[in-house]
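Trainee: Structure, please.
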Amino acid sequence: MGKPNISPETRRELISKRAYELYIQSGSQAGRDVENWLTAELSVDRELQQAADAPPRGESDPSAASRAERERTRTSNAQPRPGTPVKTGGGSGYRR
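Mentor: Here you go, the predicted model:
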């Protein structure tokens, strides 16, 4: 299991926002602040842990690597159209 890469301040802010959402969802009932906080804490910690355990972006989808390779090939093989300005060492900058 990976460790979530998040500061304690950011974690607390996420929990606070989630607890407030729970407060609003429950009809703004007073006296449930501790319950809302603990529920929010569990929820945020679970999500942070899942994010830490997830494979890096792009690695979970095998087709992502092939898409990236096709894009690299497409852009590296791209040829400018005749008459399109091309940066050169000098001259007018137009390919003839």
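Trainee: mind checking the end-to-end distance for stretch 22-38?
Mentor: End-to-end distance of stretch 22-38 (C-alpha to C-alpha, to the nearest Å): 11 Å.
Trainee: buried stuff in that stretch?
Mentor: Within stretch 22-38, the residues that qualify as buried by neighbour count (16 or more other C-beta atoms under 10 Å) are L22, Y23, N36, W37. Glycine gets a C-beta too; all of them are placed from N, C-alpha and C.
Trainee: now for the residues you listed, which pair is the farthest apart?
Mentor: Among the buried residues of stretch 22-38, the pair separated by the greatest distance (C-beta to C-beta) is Y23 and W37, at 9.5 Å.
Trainee: Redo the buried residues of stretch 22-38 as CSV? Include pLDDT, distance to V44 and secondary structure.
Mentor: Output for those, formatted as CSV (pLDDT from 0 to 100; distance: C-beta to C-beta, whole Å; DSSP: H, G, I helix; E, B strand; the rest coil):
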residue, pLDDT, distance to V44, secondary structure
L22, 96, 11, helix
Y23, 96, 15, helix
N36, 97, 12, helix
W37, 97, 10, helix
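Trainee: from those, which is closest to A30?
Mentor: Using C-beta to C-beta, the buried residues of stretch 22-38 come closest to A30 at Y23, 9.1 Å.
Trainee: right, and that closest one touches V34 too?
Mentor: No: Y23 is not in contact with V34 according to C-beta atoms under 8 Å; the separation is 11.5 Å.
Trainee: ok so, going back, adding distance to Q29, write the buried residues of stretch 22-38 out as a markdown table.
Mentor: Shown next, in a markdown table, are the buried residues of stretch 22-38 (distance: C-beta to C-beta, whole Å):
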| residue | distance to Q29 |
| --- | --- |
| L22 | 10 |
| Y23 | 8 |
| N36 | 9 |
| W37 | 14 |
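Trainee: right, and out of those, which lies closest to S7?
Mentor: Among the buried residues of stretch 22-38, and counting by C-beta to C-beta, the member closest to S7 is W37, at 18.7 Å.
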